[in-house]
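Colleague: Fold the following, please.
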Amino acid sequence: MALTVEGLKKSYGNLKVLDGVTFSVEEGEFVCLIGESGCGKTTILKIIAGLERPDEGRVDFKGVNRMGFVFQDDRLLPWKTVYGNIQFALKAMGVEDGDVVRRIIDFVGLKGFENYYPKQLSGGMRQRVGIARALAVNPDLLLMDEPFASLDARTRERMQEELLRIVGGKAVVFVTHSIDEAVYLADKVVVLSQRPSRVVRFIEIDIEKPRDRNSDEFIEKRREIYTALQASSG
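Modeller: Residues are numbered from 1 along each chain as shown. Alright, predicted model coming up:
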C-alpha cells in the first residue's frame, strides 16, 4: 500500500469541507477522485502533500520518499525556459544534473523546445513541462489536480494518452470533474459526495489499457460513475 488516507476532516471557519474521507492507493495504482465543484478534492491533495493540516484523520505512506505535484494551472516560472523550469525543481532538492533534465524533456516529448519560454508554448506543452518538472524528482507518488481542465477536448485526450505512457508504474492520485477522463485513466475511482465530502463509492475500472471510449465496457463504467454522482447529490 503506497498511501492510506483515513478519516480526514477539515473545516475553514464555519465551512465544513471534509467529513471523514477514507481511501487507499496501492503501489502503481492510478486513483481518480471525482465529485462536484467545491467538495474538497483539492483540499484532500493538499493534505496528502502536507500543504494543509487536517482537523482530524491521518495520512500514512509506505515506500513513498518523494512526491510530485502537478497543479491545474501550470505555475511555470515565466522568466525561465523549459530547461530552466525543470532544472529549478531539481535544484530545490540539491541536485545538479543536466542529463536528468535533458532525459525528462525527451521523455515527455519536448525535445527541441528546451530554450522556449512558457509564453511561447501551447497550453498542452506547458502542462507537459509541469508534468516533467514533477517527474524530474522521480516521485514515488504523483498528485495531480485537474491538470488538463483548461485544454481543448482533443488536446486533453492526447494528454491523457501521453500521461498513461509517462507515469506507468507510479502511484497516482488524480483529481477530475470529468467522468470520461476518470474512466480512461483510473484503475480505481473514488466518488465523493457534495460538501462536506465523504466517500460514497469505490468503482474499479477493470478494462484493459489503452481503453476504447466507445466500447460497451467503457460506456457502462461511465454510466456507473454518473449514477453514483447523481445519488450522492441527493
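Colleague: Can you report phi and psi for the residue nearest the centre of the chain?
Modeller: Centroid-nearest residue in the chain, with C-alpha atoms, centre = their mean: M144, separated by 2.0 Å. Main-chain dihedrals, M144, degrees, to the nearest 10: phi -130, psi 120.
Colleague: Report pLDDT for it.
Modeller: Reported pLDDT at M144 in the predicted model: 95.
Colleague: do the same with G234
Modeller: 60.
Colleague: The residue nearest to the centre of the chain is in contact with E181, isn't it?
Modeller: No. Using C-beta atoms under 8 Å, M144 makes no contact with E181, being 10.9 Å away. Every C-beta, even on glycine, is put in place using the N, C-alpha and C of the backbone.
Colleague: ok but E157 is inside a strand, no?
Modeller: No. Membership of E157 in a strand is not supported by DSSP: H, G, I helix; E, B strand; the rest coil, which gives helix.
Colleague: Check the gap between it and V31 for me.
Modeller: 20 Å (C-beta to C-beta, to the nearest Å).
Colleague: And A149, by the same measure?
Modeller: In this view, A149 and V31 are 18 Å apart by C-beta to C-beta.
Colleague: And the two? Which one has more around it.
Modeller: Per other C-beta atoms under 10 Å, whichever of A149 and V31 has more neighbours is V31, with 22 against 15.
Colleague: which helices and strands sit right next to whichever helix or strand the more buried one is part of?
Modeller: Element membership for V31, per DSSP states H and E: strand 30-34. If you count contacts as 3 or more C-beta pairs under 8 Å, 6 or more residues apart in numbering; DSSP states H and E, strand 30-34 packs onto helix 41-49, strand 171-176, helix 179-185, strand 188-192.
Colleague: give me every residue that touches E36.
Modeller: Taking C-beta atoms under 8 Å, 6 or more residues apart in numbering as the criterion, E36 is in contact with 177, 192, 194, 229, 233.
Colleague: wait, I meant R53
Modeller: I47.
Colleague: hang on, it is in a strand, isn't it?
Modeller: No. Assessed by three-state DSSP, R53 does not belong to a strand; its assignment is coil.
Colleague: I'd like to check what contacts the worst-scoring helix or strand of the chain on mean pLDDT. Which residues are they?
Modeller: Here the helix or strand of the chain ranked lowest by mean pLDDT, DSSP states H and E is helix 98-107, holding a mean of 85. Helix 98-107 has contacts (C-beta under 8 Å, 6+ apart) with 82-83, 86-87, 90, 111, 113-114, 132, 135-136, 166.
Colleague: Of all the residues in it, which ones are buried?
Modeller: By neighbour count on 16 or more other C-beta atoms under 10 Å, the buried set for helix 98-107 is 100-101, 104-105, 107.
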